[in-house]
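> sequence and predicted structure, then a few things I'm wondering about:
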Amino acid sequence: MIPRLSRKNGLASVLSCGTGRDKEKLHLTLWFLLLLLNLVAFTTDLKNEDDDKEVSHMIHIIDTEHPWDVYSITSGHSEVISCLEWDNSGSRLLSADGDGQIKCWSMSDHLVNSWENILSSSLDGDPIVALSWLHNGVRLGLHVEMSGSTNFNEKFSRVKSSPSLTLFGGKPMEGWLAVTVSGLVTVSLLKPGGALLTASESLCRLRGRVALADMAFTGGGNIVVVVSVVSEKCRIDTELLPSLFLRCTTDPLRREKYPAVTHLKFLTKDNSEQVLLCASNQTGSIVECWSLRREGLPVNNIFQHRSPVVGEKQPTILKWRILTTTNDLERVSAVAVPKLPISISNTDLKVASDTKFCPGLGLALAFHDGSIQILHRLSLHTMGVFYGSSSSSSGPGQRPGDEPAIKRQRTGGPALHFKTLQFSGTSLALAGIDNHGKFYMLRVSPSLGQMLDMNTTLRHLLFLLEYCMVTGYDWWDVLLHVQPTMVHNMVEKLHEEYMRQNQALQQVLATRIVAVKASLCKLSSATAARACDFHAKLLLIAISATLKSLLRPHVLNTPDKSPGDRLTEVCAKNTDTDIDKVMINLKTEEFVLDGPPLQSLQQLIQWVGDFVLYLLANLPNQGSMVRPGFGFLRDGASLGMLREMLVMIRIWGLLKPGCLPTFTATSDNQDSMSLLFRLLTKLWLCSRDDGPPQDPDESLIDECCLLPSQLLVPSMDWLPVNDGVIIKLQGKHPLRLQFGKALSLPGVGSTALLEVFTRSPSSQKMDNLRCVHMGVCPTEESKACTRCGCVTMLRSPNKTNAMKQWEQRWIKNCLCGGLWRRIPPPLT
């Protein structure tokens, strides 16, 4: 099924993924969530083919880059799963059912497709209607009005906030909060030892049935007001806030028209003052937006004169005020609110409107006729429309871009419609599941139908990339909107903005910006070679930090500089091309290490030597066509880093010759390390940071031309093979996928024309982290990065501490910061 597209309205389908199963056996999807890290969790109820009464309540987890690779969990819930909730890290997931059972799931071995149940709590027979993790007190404000600023601290700032609950020393306490159908609030706290502490309290004095619930957090750390742990007990204090009646229920003409509230949501989790309500009947719905405001309480003049306290400060009360309401709509089937932390004050919304920055301003409504509308979060006017395949609103004589009243589909069976919707972290993608169990990903235009010039679009996407880079959130949904023609400009502008930041912030974001650049460059065949360079730079930075961490000061009362800093300073000042003369200025005592650590790191040292040789040997080939390695020719910092590592390796080679990189030379008396250092230093002098960059002179190019006749130049496995969907989604046609069946279509942005990307079936498989070959058909289980495709063995073959420490650095995340997923061994 490929939905119809309306190109003017700012929404378009980019992919749909089905099960390939009979829809009678796969029951309706009940809940779905999309995390800021672009992990998706959803549930299904599966009937046993032999016994219709036996139902399995399943939880399915996928990452958006590989939507066909679904990991299914038999949850063990006895009733229908009513709630799912991710934690901030994306490594834990809560599930709750209609019998009051709550389970906490955690990643096993830090793999997105391997999960296990670690904790559970239960309120027997009391169905859960709302579920949330306790707030950790971390809030970030995104200031659209400062998008033109050069300072990241002005664009994105920490908002003063308190955690829901704290341990000794102010550390946020972990746990979750649930609301039951009987009006009970239950809190489960994760104690430092791993035990679970649970307490329950009624929402108000008179308990009543709760049909819908949602939770938000105040800046002071309040939810319903949870206090700290005292004497191993947990107490919950509740405070009854003002209530409201829907406007449609007070209107005499429509009092009986909408008898039930079907959707109830806070506009943002971090703001408990705006709420969205949807009331429905069998054929239609109406949506209202309300705001909780503090208003002055009028006091009679007599009391003002008698009470000076009242006269000085007018008493106030909290009141709900309606902001706006919609006309009669088609029946709403799902609601999604934006996650981008844009302030919803009138001033900030006006700035966003003036700058035509639409992400985060709209909320999504799905209707029973299969359509989706994006409405302004406060005014509720239509900003964009998507027409599904079953929608009849785009009939003859009507264009998809028009906005008439949506007609209901009059068919015998139930129309195809979305059962649940969720926005991505930057609100540039909208994910949903329909009533036939198919998963959809919709691209939400940053302009939502407005005509924007290329520079404005690029500036908005750059602003969101910077937001992801600062927060650490995944930028997959931003890449959906980057066209191949934008890539070069975005990489250059991102680098310019990064270089304007202070030194401390640059150091924090050093690897993250390289990962963002690598993701961007993969989207265009013209910049694919630069993606190779950025991946090599990530590995180079990691190896350099690891080798420098092995250095120890000779005496304890050393000056403030570490051995690694002194090495950098000496190599930067000494421009001699003779490696032995540079070594004279260093304290060799700081480089004395035991033999086993050096020997175990030999494959990393070998990669450094091979990389320097490849870089220099290909220097004469860098012409008009950009090849892998071109980005390093003007990168003085990276060349200086390579130069420092060659010096370290040279000193260690004197102590332990077995750790030296191995080169195949044509002459037995060839000093390969000295030759490479001399040529590398000449190249580094042309691109030093303290002077204008210069082109390599003819003598250096001539010497590099002779390198292949002196040393055997290795073939470098530059870029991990990425089999994700992002480079396949650059076109305007949506993809149709099937769960469990990997994508094999050629992508629009495919870089198969470059020989560096081609992999023949008989080629050696590479462990990209350990820099070792695994063979043509490796038998070891492996894991791959969900973002860049980097592959490494799941179990460590090393037993030395030095190599285990290297592997431990990447146990949770890849070099680029992406998450790991288990991949099966290839078939022989």
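Thanks, I have the structure now. Numbering: from 1, shown residues only.

> relative to the whole chain's centre, how far out is the host helix or strand of Glu497?
Glu497 belongs to helix 487-499 when assigned by DSSP states H and E. Helix 487-499 has its C-alpha centroid displaced from the chain centroid by 20 Å (CA atoms, centre = their mean, to the nearest Å).

> give the buried residues for that helix.
By neighbour count with 16 or more other CB atoms under 10 Å, helix 487-499 contains the buried residues 487, 490-491, 494, 497-498. In this view, the C-beta of every residue, glycine as well, is placed from N, C-alpha and C.

> could you list every helix and strand in contact with that helix?
Here helix 487-499 touches helix 454-471, helix 510-521, going by 3 or more CB pairs under 8 Å, 6 or more residues apart in numbering; DSSP states H and E.

> tell me the most buried of the ones you listed?
helix 510-521 (a mean of 22; mean count of other CB atoms under 10 Å).

> Provide the contact partners of that helix at residue level.
465, 468-469, 472, 475, 479, 482, 487, 490-491, 494-495, 498, 527-528, 530-531, 534-535, 537-538, 541-542, 726, 787-788, 815-818 (CB atoms under 8 Å, 6 or more residues apart in numbering).

> got a PyMOL select line for the buried ones in those?
For the buried members of these, the matching PyMOL selection, counting by 16+ other CB under 10 Å, is:
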select buried, resi 465+468+469+475+479+482+487+490+491+494+498+527+528+530+531+534+535+537+538+541+542+726+787+788+815+816+817+818
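
> the host helix or strand of Trp290 - what's its average pLDDT?
Trp290 belongs to strand 284-296 when assigned by DSSP H and E. The pLDDT scores in strand 284-296 average 86.

> again, but for stretch 726-746
Averaged over stretch 726-746, pLDDT sits at 77.

> and Leu340, which of the helices and strands packed on helix 487-499 is closest to it?
Closest to Leu340 of those is helix 454-471 (CB to CB; 8.0 Å).

> before we move on, back to that, how far does the strand holding Trp290 sit from its chain's centre?
32 Å.

> elements contacting that strand?
helix 247-250, strand 271-280, strand 316-325, strand 329-330.

> swap the cut-off to 6 Å and go again
Strand 284-296 sits against strand 271-280, strand 316-325, with contacts defined as 3 or more CB pairs under 6 Å, 6 or more residues apart in numbering; DSSP states H and E.

> that strand vs strand 316-325, what angle?
150 degrees (axes from the mean of the first three to the mean of the last three CA atoms, to 10 degrees).

> what residues of strand 284-296 count as buried?
Across strand 284-296, burial judged by 16+ other CB under 10 Å covers 284-292.

> alpha carbons of it, as CSV, please.
Listed in CSV are the C-alpha atoms of strand 284-296, where the atom choice follows Å, rounded to 0.1, in the frame of the first residue of the first chain:
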residue,chain,number,x,y,z
GLY,A,284,-17.2,13.4,14.7
SER,A,285,-14.9,15.2,17.2
ILE,A,286,-14.1,18.7,18.5
VAL,A,287,-10.7,19.8,19.9
GLU,A,288,-10.2,22.5,22.5
CYS,A,289,-7.0,24.0,24.0
TRP,A,290,-7.1,25.3,27.6
SER,A,291,-4.5,27.3,29.7
LEU,A,292,-4.2,27.4,33.4
ARG,A,293,-3.5,31.0,34.5
ARG,A,294,-3.1,32.8,37.8
GLU,A,295,-5.5,35.7,38.0
GLY,A,296,-6.1,38.4,40.6
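
> just checking: what are the partner strands of that strand?
Using DSSP bridges, the strands paired with strand 284-296 are strand 271-280 (antiparallel), strand 316-325 (antiparallel), strand 329-330 (antiparallel).

> closest one to Ser164 among these?
Of the strands paired with strand 284-296, nearest to Ser164 by CB to CB is strand 271-280, at 12.5 Å.

> what are the contacting residues of that closest one?
With contact meaning CB atoms under 6 Å, 6 or more residues apart in numbering, strand 271-280 is reached by 216, 218, 246, 248, 258, 261-267, 285-292, 331-332.

> what's the answer for stretch 478-491, then?
426, 428-429, 443, 458, 461, 464-465, 517, 520, 523-524, 527, 726.

> thinking again about what came up before, dump the buried residues of strand 284-296 into JSON lines; add distance to Thr324 as well.
Listed next are those as JSON lines, based on distance: CB to CB, whole Å:
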{"residue": "Gly284", "distance to Thr324": "18"}
{"residue": "Ser285", "distance to Thr324": "15"}
{"residue": "Ile286", "distance to Thr324": "12"}
{"residue": "Val287", "distance to Thr324": "9"}
{"residue": "Glu288", "distance to Thr324": "8"}
{"residue": "Cys289", "distance to Thr324": "5"}
{"residue": "Trp290", "distance to Thr324": "9"}
{"residue": "Ser291", "distance to Thr324": "10"}
{"residue": "Leu292", "distance to Thr324": "15"}
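
> and which of the residues you listed is nearest Val210?
The closest of these, once distances to Val210 are taken by CB to CB, is Trp290, at 18.2 Å.
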